[in-house]
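Student: how would this look folded up:
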Amino acid sequence: MKISDLPFGISDWSALEPTQHAGETGCAYWRTQRFGDIRVRMVEYTPGYRADHWCVKGHILLCLEGVLHTTLADGRSFTLTPGLSYQVADDAEPHLSHTETGAKLFIVD
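Tutor: Numbering: from 1, shown residues only. All right, here's what the predicted structure looks like:
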């Protein structure tokens, strides 16, 4: 990722209206900002959320609250708790996430 032509700025995430995205079960609420080609999101998953697709988009993802489980298409699985992050490249390793308790994430992609 190359960050260019981006002046210093402050983001008040609470001032951004969330958009709802249904999963296979549960919902995700995204507060999204775009800076050129970079998308930055604060995402909250409801308890019981399960993604409805295998994602192939690259991300840098930081767990802020809750517990997030992510399974890769090759069968490996990982659990993120607050303070843990993962990174994955575009089209590298399809991944699917779910949470029993809910989770709040900060995502750059």
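Student: Run through the residues that contact Leu61.
Tutor: Neighbour list for Leu61: 80, 85-87, 105-108 [criterion: Cβ atoms under 8 Å, 6 or more residues apart in numbering]. Any C-beta I mention is one placed from the backbone N, CA and C, and that applies to glycine too.
Student: And for the host helix or strand of Thr71, what's in contact with it?
Tutor: Mapping Thr71 onto the secondary structure by DSSP states H and E places it in strand 68-72. Contacts of strand 68-72 from elsewhere in the structure, counted by Cβ under 8 Å, 6+ apart, are 45, 77-80, 86, 93-99, 103, 105.
Student: What pairs with it, parallel or antiparallel?
Tutor: Strand pairing for strand 68-72, determined by DSSP bridges: strand 77-80 (antiparallel), strand 95-98 (antiparallel).
Student: Just the buried positions in the helix or strand following the first one, please.
Tutor: Proceeding C-terminally, strand 77-80 gives way to strand 85-88 as the next helix or strand, assigned by DSSP H and E. With burial defined by 16 or more other Cβ atoms under 10 Å, the residues of strand 85-88 counted as buried are Val88.
Student: Would you mind checking the average pLDDT for stretch 89-100?
Tutor: The predicted model gives stretch 89-100 an average pLDDT of 96.
Student: Would you pull up how far that stretch lies from the middle of the chain?
Tutor: Between the centre of stretch 89-100 and the centre of its chain there are 10 Å (Cα atoms, centre = their mean, to the nearest Å).
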